[in-house]
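In: starting from these lines, generate the structure:
(one chain, ligands or ions: 2)
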Amino acid sequence: MVINELGPILGGAVGSDLDGALLSLGAARWACARLAGGLEDVVAQKWSQREGKRMAGVERTLVIVKPDGVQRGLVGEIVGRLERRGLKIVAMRMTVIQRALAEQHYAEHAGKAFYESLVSYIGSGPSVTMVLEGPAAIAATRSTVGKTNPAEAAPGTIRGDLGLMVGRNLIHASDSVDSSAREVDLFFGTDALVEYERDIDRWVLEG
Ligand code: DAT
Ligand code: MG
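Out: Ligands and ions are numbered 1, 2, ... in the order given. As a prediction, the model looks like this:
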């Protein structure tokens, strides 16, 4: 097939100067591959390779922007940091966490000196609960969140940049595979999680 015959297919991409000629050559290769039916196969193969790799290390984690984060107008700031890290939001809801749910969520801390104030703080106003997904999402989220006590959290972390006291540390994030499974189930179950692909994933996820 000669280049001229590709003109209509390329939508006028065949030019007369050098840049145009190079562009046309690339476009011609693209068009020929497409006409040969090969491109779809190449794209499909690449896509499934990437999907396979992504699925291998993918984790989900429960994140809560606590009532102080909502009251201080920091929902966007906090979620934005996690989104910019590359994590994908697969569920999100604003809710006032009721006492029974707070007790279940923080069961591991029952009996500790701070337990009562912790449970009443988490239910003291609306929270934004969400599930984030990504490779090693649990550790990635925890490192972006920072240490439990904001006074000790590194600058650059959410708690280190935005908080001062352990009883107002803005955000919860699951700390292990077991706790994330338990917490995601507790707050969302499986039906509320949305499965979707992002067009940007090839720029965030290697493979
Ligand atoms: P994290 O939220 O970093 O997972 P955690 O699970 O040990 O920390 O504790 C849950 C929450 O309880 C924490 O976000 C704030 C509160 N908390 C923990 N240790 C505390 C302490 N020593 N004094 C007061 N509150 C505390
Ligand atoms: Mg914890």
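In: for the chain, what lies in contact range of ligand 1?
Out: H109, F114, L118, T148, V166, G167, N169, H172, D175 (C-beta under 6 Å from any ligand atom). Yep, even glycine has a C-beta here, placed from its N, CA and C like the rest.
In: looking at those, state which has the most neighbours.
Out: The most crowded member of these is N169, carrying 24 neighbours; neighbours defined as other C-beta atoms under 10 Å.
In: in the chain, which spans are helices?
Out: For the chain, the helices defined by DSSP state H cover 3-10, 18-35, 38-57, 67-71, 75-85, 99-105, 115-122, 137-145, 158-162, 177-187, 201-204.
In: right, and T95 touches P126 too?
Out: Yes. Taking contacts as C-beta atoms under 8 Å, T95 lies within contact range of P126: 6.8 Å.
In: care to break the chain down by domain?
Out: 3-53, 57-204 (automatic domain parsing).
In: and the longest one, what's its mean pLDDT?
Out: Taken as a whole, domain 57-204 carries a mean pLDDT of 97.
In: mean neighbour count, the domains of the chain: which tops it?
Out: Comparing the domains of the chain by mean neighbour count (mean count of other C-beta atoms under 10 Å), domain 57-204 comes out on top with a mean of 17.
In: and that one, end to end?
Out: 14 Å (C-alpha to C-alpha, to the nearest Å).
In: and that domain, how far out from the chain's middle?
Out: Distance of domain 57-204 from its chain centroid, counting by C-alpha atoms, centre = their mean, to the nearest Å, is 12 Å.
In: so that it lines up with my notes, have the first residue be 199 from now on.
Out: In the new count, where the first residue is 199, that last one comes out as domain 255-402.
In: for the residue nearest to V317 when sequence neighbours are not counted, give me its contacts.
Out: Sequence neighbours aside, A300 is the residue nearest to V317 in space, at 4.6 Å (criterion: C-beta to C-beta, 6 or more residues apart in numbering). By C-beta atoms under 8 Å, 6 or more residues apart in numbering, the residues touching A300 are V317, I320, G321.
In: between those residues, which is closest to ligand 1?
Out: I320 (8.5 Å; C-beta to the nearest ligand atom).
In: what about A352, distance to D359?
Out: In this view, A352 and D359 are 9 Å apart by C-beta to C-beta, to the nearest Å.
In: hmm, who's touching stretch 378-387?
Out: 257-260, 262, 289, 291, 299, 302-303, 327, 329, 336, 372, 391.
In: surely Q296 is in contact with G321?
Out: Yes. If you go by C-beta under 8 Å, Q296 and G321 touch, sitting 6.5 Å apart.
In: show me the beta-bridge partners of L260.
Out: Applying DSSP bridges to L260 gives these bridge partners: V329.
In: for it, which residues are in contact?
Out: Counted by C-beta under 8 Å, 6+ apart, L260 has contacts T327, M328, V329, H370, A371, S372, S378, E381, V382, L384, F385, F386.
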